[in-house]
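> I would like to see how this sequence folds:
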Amino acid sequence: MTRRGNPDAARLQADRLAAVGCGVSDAVLIIGADRKVTWANDAAKAFYPGAKRGMVGRHCHEVIYDRRRPCDPADEICPLDTVRISGVTESFDKVLCDAQGNRAPCTLSTHPVLGPNGELIECVIVRKDKQARDDVWRIIQQQSDDLALVHTLTQMANLGTGLGDLLEHLSISVRAAFSCKYATIYLLDPSGERLQLMTPGVPAGIKKGIERILRAPLPPVVMPIDRAPLHRAALHSEAPVVIANREALLALMAEHTDNALIVKVLSPILRSIGMTCGVLVPLRVDQRPIGLMAVGGTSPLDDTELRRLTSLADQVATIASRAQLQAESQRVSERQALLLQAVAEGVLGLNRDAEVVFANASAASLLGRSQGQLHGMSFHALCGHQKADGTPCGDDCAVQAALRDRTAHYEVEGTLKAIDGDLRPVQLSAVPLDESELNLVITVRDISQQVHLRKQQQRNTERLRRSFSGTVAALRCLAEMRDPYTAGHERRVAQLARAIAQRMDLDEDVVDTVRLAATIHDIGKHAVPVEILTKPSKLSANELELIRTHSMVGWEILSEADFPAAIATIVRQHHERLDGSGYPDGITGDAITLEARIIAVADVVEAMASHRPYRASLGLEDALFEIQRHKGTHFDPQVVSACMRVFRNDGFDFE
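Below is the predicted model of the structure:
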């Protein structure tokens, strides 16, 4: 590069070049137009052979070549003459002696400083140790290659490349970088008890030779670490383990197999391809061993190569660990997908917009579409689902609720509209997830058969209920024909008992059971002579005892007739009292069924408020006073309170 200007400016430029030379390991000289040295940095003083007699003020050929005579152009290339002729920077390789007399290859770079008329004012000469530069360049190149390999492996992992292909690429790259016969990777399995060979465990030549002898392919290598002491020691070693000879290498390879024939043929095969040594480098992530990198060849690696291999292993371990986790995650995902495909219920995965991102085969079959067609469709638009009562799903939709609440598990019965337009009854189960793309899992179960059976059961139940009610009505008619007073009493007690049960907010089934039991609660009086039932005068003790048998007789009649056990029990207990003063069993408190306690109150109120053959009506107020007086002793307090509200608040009257 030519520089022109006044001498002072040229001098300043030379000073700047000299200042640069003060901080580098290269030897820098500034030589004036008179061929004398005007400045030299410390590296030049230590490097040039002529430096021992001083440098500044001496001729350049004395300093550079340690000669007293001027340069002979035919013998040597004088840097000053070169740049004087060309006027531009020149570089050329030479072999020169150093200060100790040792010859060494170097590169000389000459930078001319020219005056305003193109004359040479000074020349800056930079001497670079060529061998050192080549070594540095080689190291830089190796580091660049290693970084490129790590980058490639990282990108492959990011793109989802399989673990086997990833490690195979690593193995090939390491073999090329270290000029070795083989390089392979072992990884610990999830249990941490076995080492699995992830790439070919032996060179191609060995593998083919062994398979030719065995007449079969080599099996996969999975070594329990408790039976592989050499590999186990290397796995837990802090530094690479060097296998220094063929015997040690043979012992190492013998840990791969229990096949005596393979072990026997290894030695001659190793000898034939010249393999003598190797090295095992532990792979660690956060100080945790995850596997080994094994390298072998015809000559041992030097310390520099070992350091390089160790550094590469440290970076590869993280990538391999991540790829291993990805591979395991993919295996789990694939296994889960297979399981979901085999599930009889429909399974849909939705994103936060309720769009389908996954559908198993059962869901596709239920909705009459292929799995591919379902992908990306809105769940609501797809299904046109609605509630069981036929109204469209709104804010209380299980899908919307699960997406909104993010934690709760919602279940709802409704209908889905298939592609053929049919509304199919289904049960939806919505479970929210925290995945970025999968926010909700919907399980869809076709309950058409259950709904059909449920409706059929309801019809059968209703038919049985009507049949049972008819039977009860027939018994009531018989009682009415035999004793009109008793029959009317049962009908009115059933009205009041039903009203009390409803006032207590009992289930409809319980209310109906109370009504039916009250309708026939005195059926046992069929065993009592009509003369006693209608006697207009006071009953004797024996007659009274005979009448008291009617609750037990009623229980026996209903039990023999295969009536529901609850009805028979209520009939038996309707004269029991809380304090045990009732009959026939004298039971107390909660041992008396709630239905029987309700009928007991209704029975007393109706009996006192109605006319009887042996007396006139005592009046409703006296009847209500009576149950209030015995509230908590004879009668259930809650039942009494409900009965009072039926008359006082609801305006109940006997029909």
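> could you export stretch 583-600 as CSV, CA atoms only?
C-alpha atoms of stretch 583-600 as CSV (Å, rounded to 0.1, in the frame of the first residue of the first chain):
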residue,chain,number,x,y,z
TYR,A,583,-96.4,-50.4,68.9
PRO,A,584,-95.8,-53.1,67.7
ASP,A,585,-92.1,-53.0,68.4
GLY,A,586,-91.6,-50.1,70.7
ILE,A,587,-88.7,-48.7,68.7
THR,A,588,-87.4,-45.1,69.2
GLY,A,589,-86.0,-42.1,67.5
ASP,A,590,-84.3,-42.6,64.1
ALA,A,591,-85.0,-46.3,64.2
ILE,A,592,-88.5,-45.3,62.9
THR,A,593,-88.4,-44.4,59.2
LEU,A,594,-89.1,-40.8,58.3
GLU,A,595,-92.0,-41.9,56.1
ALA,A,596,-93.6,-43.7,59.1
ARG,A,597,-93.1,-40.6,61.3
ILE,A,598,-94.9,-38.5,58.7
ILE,A,599,-97.8,-40.9,58.4
ALA,A,600,-98.0,-41.0,62.2
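> can you list contacts of it?
Residues from elsewhere that reach stretch 583-600 (C-beta atoms under 8 Å, 6 or more residues apart in numbering): 493, 497, 500-501, 504, 506, 510, 513-514, 517-518, 521, 548-549, 551-552, 566, 569-570, 572-580, 582, 634-636, 639. Placement of C-beta: from N, CA and C, glycine included.
> are any of these buried, and if so which?
493, 497, 500-501, 504, 506, 510, 513-514, 517-518, 521, 549, 551-552, 569-570, 572-578, 582, 634-636, 639 (16 or more other C-beta atoms under 10 Å).
> from the contacts of stretch 583-600, which land in strands?
The members of these all map outside strands under DSSP state E.
> so which helix or strand takes in the residue lying closest to residue 572 once chain neighbours are set aside?
In this structure, residue 572 finds its nearest non-sequential neighbour in residue 555, 3.7 Å apart by C-beta to C-beta, 6 or more residues apart in numbering. According to DSSP states H and E, residue 555 maps onto helix 550-560.
> what mean pLDDT does that helix get?
The average pLDDT for helix 550-560 rounds to 85.
> so how far is it off the chain centroid?
Relative to the centre of its chain, helix 550-560 is centred 64 Å away, using C-alpha atoms, centre = their mean, to the nearest Å.
> who's in contact with it?
For helix 550-560, the surrounding residues in contact (C-beta under 8 Å, 6+ apart) are 520-528, 565, 567-569, 571-575, 583-584.
> got the contact list for residue 175?
So residue 175 contacts 181-183 (C-beta under 8 Å, 6+ apart).
> and it, which of the three is it?
Three-state call for residue 175 (DSSP: H, G, I helix; E, B strand; the rest coil): helix.
> can you check residue 268 too?
Classified using three-state DSSP, residue 268 is helix.
> ok, it to residue 214 distance?
15 Å (C-beta to C-beta, to the nearest Å).
> now do residue 35
Taken as C-beta to C-beta, the span from residue 35 to residue 214 is 78 Å.
> okay, those two: which has more neighbours?
The residue with more neighbours, out of residue 35 and residue 214, is residue 35; 18 against 14, by other C-beta atoms under 10 Å.
> what about the strands in the stretch 251-400 of the chain?
Shown for the stretch 251-400 of the chain, the strands assigned by DSSP state E, counting those that start in this stretch span residues 277-285, 288-297, 346-350, 356-359, 386-387.
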